[in-house]
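> Have a look at this prediction, sequence included:
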Amino acid sequence: MPNKANAAKALRQTKKRTVANLKRKEAFKAAIKTTLRTKTATEALKLAIQAQKALDKAAKAGTIKKNTAARKLSRLMKKVNALKKK
C-alpha cells in the first residue's frame, strides 16, 4: 500500500489505465483474429477495415506504438490480399 497521497493517486490512475489499455489490446487482437479466420476475400477486406480502426485507436491512445500498429496492419493486409489471389 502506498504511504503518501500522491502515490495512492498514482496507483489509482495506473489501475484505470491498465484496464483501458487491456480493453484496447483485446479489441484489436480480436479484430485481427476474426479477419484471419474468414474464408472469402470480400468479407476479410471488410473486417480488415475494422481491424485497422482498432489498431489506429490503440496507437492514438498510446497503448501500442504507431509503428507497431503499422507493422501489424501491413502483415494483416498481406494475408488479406493473398486471399484475393486465390
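Cool, the structure landed.

> List the contacts of the residue nearest the centre of the chain.
For the chain, the residue whose C-alpha lies nearest the mean C-alpha position (C-alpha atoms, centre = their mean) is Phe28; its distance is 2.9 Å. Residues in contact with Phe28 (C-beta atoms under 8 Å, 6 or more residues apart in numbering) are 51, 54-55, 57-58, 64, 72. Glycine gets a C-beta too; all of them are placed from N, C-alpha and C.

> Sort out which of these are buried, if you could.
51, 54-55, 58, 64, 72 (16 or more other C-beta atoms under 10 Å).

> Just the ones of those in helices?
Secondary-structure check on the buried ones among the contacts of Phe28 using DSSP state H: residues within helices are 51, 54-55, 58, 72.

> okay if I get the residues you listed as a markdown table plus distance to Arg37 and pLDDT?
Written out in a markdown table, the entries for these read as follows (distance: C-beta to C-beta, whole Å; pLDDT from 0 to 100):
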| residue | distance to Arg37 | pLDDT |
| --- | --- | --- |
| Ala51 | 12 | 97 |
| Ala54 | 16 | 97 |
| Leu55 | 17 | 98 |
| Ala58 | 20 | 97 |
| Lys72 | 16 | 98 |
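
> possible to save the residues you listed as a markdown table with distance to Gln13?
Formatted as a markdown table, the entries for those read as follows, by distance: C-beta to C-beta, whole Å:
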| residue | distance to Gln13 |
| --- | --- |
| Ala51 | 29 |
| Ala54 | 24 |
| Leu55 | 25 |
| Ala58 | 19 |
| Lys72 | 27 |
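
> closest to Lys33 among those residues?
Taking C-beta to C-beta as the measure, Lys33 sits nearest to Ala51 out of these, at 9.1 Å.
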